[in-house]
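Asker: for reference, the sequence and a predicted model appear below.
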Amino acid sequence: MKPISVSAWHRRVSQKRPWHDIGGAADTTEAMERTLAIAVRHAGDPALMSQAIADNTALTQSRETMLSMGVAYGCILAQLA
């Protein structure tokens, strides 16, 4: 099985799909790993933070559950920042 980032790259570059159409259905931690930096960066602006995390998560995950969990995780991280 290819790592999700390789799959996303393949869908974006090789298949020439738009950014909003490259996320996969896998429940991996890849987007959550990137969420930490976004949550800390935008901790003072919850609306901006939530949108940035949702947009970032959508790059590699297409399931709404993963988007919701990413934003919730980011909210918790922002409270710790």
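Answerer: Received the coordinates, thanks.

Asker: where in this protein is pLDDT low?
Answerer: 1-6, 27 (pLDDT under 70).

Asker: residue contacts, the residue nearest the centre of the chain?
Answerer: For the chain, Thr57 is the residue whose C-alpha lies nearest the centre (C-alpha atoms, centre = their mean; 1.3 Å). Shown in contact with Thr57 (C-beta atoms under 8 Å, 6 or more residues apart in numbering): 23, 31, 35, 66-67, 70-71. From N, CA and C alone the C-beta is placed, and that goes for glycine too.

Asker: in a strand, it, correct?
Answerer: No - going by DSSP: H, G, I helix; E, B strand; the rest coil, the assignment for Thr57 is helix, not a strand.

Asker: my read: Gly23 touches Leu67, true?
Answerer: No - counting by C-beta atoms under 8 Å, Gly23 stays clear of Leu67, with 9.1 Å between them.

Asker: what's the overlap in contacts for those two?
Answerer: Between them, Gly23 and Leu67 share these contacting residues under C-beta under 8 Å, 6+ apart: 57-58, 61.

Asker: now distance to Ile76 too, for those, in JSON lines please.
Answerer: Formatted as JSON lines, those follow (distance: C-beta to C-beta, whole Å):
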{"residue": "Thr57", "distance to Ile76": "15"}
{"residue": "Ala58", "distance to Ile76": "20"}
{"residue": "Gln61", "distance to Ile76": "18"}
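
Asker: ok, the residues you listed vs Lys16, which is closest?
Answerer: Ala58 (18.2 Å; C-beta to C-beta).

Asker: contacts only, for that closest one.
Answerer: Ala58 neighbours (C-beta under 8 Å, 6+ apart): 20, 23, 67.

Asker: filter those down to the ones in helices?
Answerer: Leu67 (DSSP state H).

Asker: how about the CA coordinates for stretch 59-71, as PDB?
Answerer: The C-alpha trace of stretch 59-71 is given here as PDB (Å, rounded to 0.1, in the frame of the first residue of the first chain):
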ATOM      1  CA  LEU A  59      -5.600  17.700   1.000                       C
ATOM      2  CA  THR A  60      -5.100  14.100   2.100                       C
ATOM      3  CA  GLN A  61      -8.400  13.000   3.700                       C
ATOM      4  CA  SER A  62     -11.800  13.100   2.000                       C
ATOM      5  CA  ARG A  63     -14.100  11.800   4.800                       C
ATOM      6  CA  GLU A  64     -16.100  14.400   6.700                       C
ATOM      7  CA  THR A  65     -15.400  12.500   9.900                       C
ATOM      8  CA  MET A  66     -11.700  13.100   9.500                       C
ATOM      9  CA  LEU A  67     -12.200  16.800   8.800                       C
ATOM     10  CA  SER A  68     -14.400  17.100  12.000                       C
ATOM     11  CA  MET A  69     -11.900  15.300  14.100                       C
ATOM     12  CA  GLY A  70      -9.100  17.400  12.800                       C
ATOM     13  CA  VAL A  71     -10.800  20.600  13.700                       C
END
